[in-house]
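the amino acid sequence is not available; the structure is as follows:
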């Protein structure tokens, strides 16, 4: 009897402890929540420049503004599969109501969230591959952006071009589609992308898709040579092509120098000269340098961009100089980045613009 009673007690205890034992041996998938915010105070140091001389620019010369606010959720489902969901936010002028009596509309300039990424990343045991499917990061300028390292201050050449010149370049940081990136050897890496081409913020409007690819050669440690190309049909007869070449040099500790060049040609872009429509190319190049004076404490950066909005009229060419300081005021969580932007123009009638900004970069 005593023996039977002992067995009953032992089995009862085992049954009671089984859920706890299972909970200890089952590890929940790693999940992370991160936030990144770019917040600026800006002031126009010139009052009569091509951009700063307008009444609208003068009225907004002294302002605070959020430029970006990211919220990212990532879930490592397994050793080979990861999920990302990212919210972004910026200011838009949304029409929120209509007054039919006064025949007028009311706009709302609140910071509005929108979805930037929703994708699965599969990492098969083949060439260190990463396959992304969904609303993905494109491969257009990711490598250059990582080298620049100051997305909080300014976009890279191909990404920021349309913001600065007003000429639309058919590039985007995210889109609906798929990408594959792999490593053949330590000297050779490559990537391919196939996506809508209509950007993540617009629905697809045609039957054509954008095909892109890059090849990265690392002949020696600290030197990278990158070639990029994308292609997309605009109509059955017209196409658009982007060519891009980068050089990254970081052989010296804490010091990086990088060079970008691109050319974009769209068969639908034309300028009328002497009554005849002529195709033109859009292009530019950028060189930037960053130096960590003290790692995770203080750094400096400088950049020079040259733009050619149209190959048929050099008077529209312009350049941009960015100079700045990166101070880790609150460690990696909060950084202060005072920076100055200097715009120069080939057209002598356009006076130089100089703008100061104090960028608050928060990441946690």
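Arrived safely. Just so it is clear, the model here is predicted, and its values are computed rather than measured. Numbers count the residues shown, from 1 in each chain.

where do the helices of this protein begin and end?
Counting by DSSP state H, the chain forms helices over residues 2-25, 55-59, 142-148, 157-165, given from the N-terminal end onward.

what about the shortest one, average pLDDT?
What helix 55-59 shows for mean pLDDT is 86.

now what about that helix, what contacts it?
44, 47, 51-52 (CB atoms under 8 Å, 6 or more residues apart in numbering). Yep, even glycine has a C-beta here, placed from its N, CA and C like the rest.

lowest-confidence stretch among the helices of the chain?
When the mean pLDDT of each of these is compared, helix 2-25 ends up at the bottom with a mean of 45.

pull out the buried positions in stretch 319-337.
Burial within stretch 319-337, assessed by neighbour count using 16 or more other CB atoms under 10 Å, is assigned to 320, 322, 324, 326, 328, 335, 337.

what's the most distant pair in those residues?
In the buried residues of stretch 319-337, the most distant members under the criterion CB to CB are 320 and 328, with 25.7 Å between them.

okay, and the beta partners of residue 40?
residue 65, residue 359 (DSSP bridges).

show me what contacts it?
Under the criterion of CB under 8 Å, 6+ apart, the contact list for residue 40 reads 64-67, 357-360.

go on, residue 182?
For residue 182, the contacting residues are 126-130, 189-191, taking CB under 8 Å, 6+ apart as the criterion.

now those residues: which count as buried?
130, 189-191.

quick check, nearest of those to residue 217?
Distance to residue 217, by CB to CB, is smallest for residue 189 among the buried ones among the contacts of residue 182, at 8.3 Å.

quick check: closest non-adjacent residue to that closest one.
Spatially, and ignoring its direct neighbours in sequence, residue 189 is nearest to residue 216 (4.3 Å; CB to CB, 6 or more residues apart in numbering).

count the residues that sit near the one you found.
Neighbour count of residue 216, defined by other CB atoms under 10 Å: 20.

my guess is it contacts residue 187. True?
No - here residue 216 does not reach residue 187: they are 9.2 Å apart, not a contact under CB atoms under 8 Å.

which ones are touching residue 262?
Under the criterion of CB under 8 Å, 6+ apart, the contact partners of residue 262 comprise 157-158, 242-245, 283-285.

selecting buried members of those residues in PyMOL, what would you type?
Buried members of the contacts of residue 262 can be picked out in PyMOL with the line below, counting by 16+ other CB under 10 Å:
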select buried, resi 157+158+242+244+283+284+285
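
which of the contacts of residue 262 fall in strands?
Using DSSP state E to define strands, the subset of the contacts of residue 262 located there is 242-245, 283-285.

tell me where the stretch 51-200 of the chain has strands.
For the stretch 51-200 of the chain, the strands defined by DSSP state E, counting those that start in this stretch occupy 62-76, 81-91, 94-99, 104-108, 111-122, 130-137, 174-185, 188-195.

mind telling me which of these the model trusts least?
Note on these: lowest mean pLDDT is at strand 94-99, with a mean of 50.
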